[in-house]
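In: model this:
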Amino acid sequence: MKKKRKLKKNVYVVAVILIFVGLLTFSGIKIYKDYKYKQTYEYKLLEHGYELKEVKKLEKTFKDKDLDWLLTIPKNKTILKLVDEKYFLAKNTKEYLDYYEDNDDISLDMVITKINTHTNYDFYNHDIDVDTSLKYLINCNKFYHLAKDYDPGEIVTIPTTYAFGTQKIEKTTYEAYLNMWQAAKEENIHLMVNSSYRSYEEQEEIYNNYKSSYGEDYANKYAAKPGYSEHQTGLALDIFSLDNTSTKTFVNSAAFTWLTNNAYKYGFILRYPLDKENITGYSFESWHYRYVGKDVAKYIQENNITYDEYYAYFIEK
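Out: The predicted structure follows:
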């Protein structure tokens, strides 16, 4: 009988010990989990004043180093709004905020456009080397410049059936233009190239003529400095029609209407659209087309953006 009582007592003691150990283990696990959670960005951002849905958005958008930076500044509602913008780039967050602070009278989407395309700087005052490895997707404008000896690859002469005078262009661009020319011809539109590839030296001569005749400000607005002209890429064409070569009236022509509706199908975009001068640096040019390939041209057409914006978000990012 005594043995049975002793056995029951031992079992009870062991059970108590096991329960105690279990509680300690559970408590230890909980403490450890709490400790680990408090090391997470979710916890830290919640403690910083952000709501859970906002935290999830920030964690999805930013890398660790950026989240660390967010924790050093007060909760910022502008950042949350910026993140929702279509062409937001996390790497530019600080620049967006600084620019918006100084220019809070413009929309957030324009803040993003300005920073992404570097147009928060004055034209020709933020120099960047063109990434020539991109071939048909290179960007050449009043910030991105080409070297004097840049070689656009195989340059071919455009027959006078398709162009006025002696015009030359990069081979793939030429082939795309021929396809577009034929499609337009089938609808009684006779396209003609009026200006195409120009060497650095040729562009230099044009720019200097503008400058000497009308002054530097005028030259900077209507002509590119040498090294900054898309014509040096071999990918740009000034396209008019056989019956209209006027820079003033081509916009009202049937050829322009056809190009507006169809150029993208052949890989071309209107490079300097209406009301985009603050981005492109050029006044509206209804005749200046740039070859970028069909997929890119289609996106730009459907989303009504400039190549500068496309380049910043999809390529340079």
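
In: What is the least confident helix or strand in the protein?
Out: Least confident helix or strand of the chain, by mean pLDDT, DSSP states H and E, is helix 2-37 with a mean of 61.

In: tell me which residues in whichever helix or strand comes after that one are buried?
Out: Moving toward the C-terminus from helix 2-37, the next helix or strand (DSSP states H and E) is helix 41-47. Buried residues in helix 41-47, counting neighbours by 16 or more other C-beta atoms under 10 Å, are found at 41-42, 44-45. Every residue, glycine included, has its C-beta placed from N, CA and C.

In: Out of those, the closest to Ser107 would be?
Out: Leu45 (26.6 Å; C-beta to C-beta).

In: So Thr157: helix, strand or coil?
Out: With DSSP: H, G, I helix; E, B strand; the rest coil as the basis, Thr157 sits in strand.

In: where does it land on pLDDT?
Out: Thr157 is assigned 98 on the pLDDT scale.

In: quick one, phi/psi of the residue nearest to it when sequence neighbours are not counted?
Out: Nearest residue to Thr157, sequence neighbours excluded (C-beta to C-beta, 6 or more residues apart in numbering): Lys168, at 5.4 Å. Here is the backbone geometry of Lys168 (degrees, to the nearest 10): phi -130, psi 150.

In: who touches Lys168 in this structure?
Out: By C-beta atoms under 8 Å, 6 or more residues apart in numbering, the contact list for Lys168 reads 155-158, 196-197, 234.

In: Buried ones among those residues?
Out: Buried among the contacts of Lys168 by 16+ other C-beta under 10 Å: 155-156, 158, 196-197, 234.

In: now those as CSV including distance to Asp129?
Out: Converted to CSV, the buried ones among the contacts of Lys168 look like this (distance: C-beta to C-beta, whole Å):
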residue, distance to Asp129
Ile155, 22
Val156, 27
Ile158, 29
Ser196, 24
Tyr197, 20
Gly234, 18
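
In: closest to Lys94 among the residues you listed?
Out: Checking the buried ones among the contacts of Lys168 one by one against Lys94 (C-beta to C-beta), the nearest turns out to be Gly234, at 37.2 Å.

In: who touches the closest one in this structure?
Out: 152-153, 155, 168-170, 173, 196-197.

In: mind putting those residues in CSV, distance to Gly215 and secondary structure included?
Out: Compiled in CSV, these are given as follows (distance: C-beta to C-beta, whole Å; DSSP: H, G, I helix; E, B strand; the rest coil):
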residue, distance to Gly215, secondary structure
Pro152, 31, coil
Gly153, 36, coil
Ile155, 33, strand
Lys168, 30, strand
Ile169, 31, strand
Glu170, 33, strand
Thr173, 33, helix
Ser196, 27, coil
Tyr197, 27, coil
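
In: Thank you, goodbye.
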